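Colleague: Got a predicted structure here, sequence first:
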Amino acid sequence: VQLQASGGGVVQPGGSLKLSCLASGFVAGDSYVIGWFRQAPGKEREGVSCISSYDGSTYYPDSVKGRFTISRDNAKNTVYLQMNSLKPEDTAVYYCHFKGIRGVDYWGQGTLVTVSS
């Protein structure tokens, strides 16, 4: 499985960004979970959001709930993360993540999001 993330950049507090992750190399029809993690300098990697291919259920930690929205376009094999009301503490490298039915973790190359005035 290959994951190609894009959409990071610099934004002011309160602004918005939309990340994209193009996934390829997986078997269409297999169940999987795809989403985003982030890692800020000096901190552990943390889950930001994910969506299940099985039923479309989503997950958000409290830190981003109500501000971030994950969505997918199955025809384009792409998952998106719409990030609104960004805060300086959202600054991190964001990684696309995929886990299929075999339980193997796949990671994208990371895209940097900087929230600063």
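Modeller: Received, thanks. Everything numeric in this text was worked out from a predicted model, so none of it was measured.

Colleague: Skipping adjacent residues, who's closest to the residue sitting nearest the centre point of the chain in space?
Modeller: With distances taken as Cα atoms, centre = their mean, the chain has residue 36 as the residue nearest its mean C-alpha position (2.6 Å). The shortest distance from residue 36 to any non-neighbouring residue, by Cβ to Cβ, 6 or more residues apart in numbering, is to residue 48 (4.4 Å). Where C-beta positions appear, they are placed from N, C-alpha and C, glycine not excepted.

Colleague: For burial, what's the neighbour tally of that neighbour?
Modeller: Residue 48 is flanked by 24 other residues according to other Cβ atoms under 10 Å.

Colleague: So it belongs to a helix, correct?
Modeller: No: according to DSSP: H, G, I helix; E, B strand; the rest coil, residue 48 belongs to no helix; its state is strand.

Colleague: so who does it touch?
Modeller: Shown in contact with residue 48 (Cβ atoms under 8 Å, 6 or more residues apart in numbering): 35, 36, 37, 38, 60, 61, 64, 68, 81, 94.

Colleague: Kind regards, and thank you for your time.
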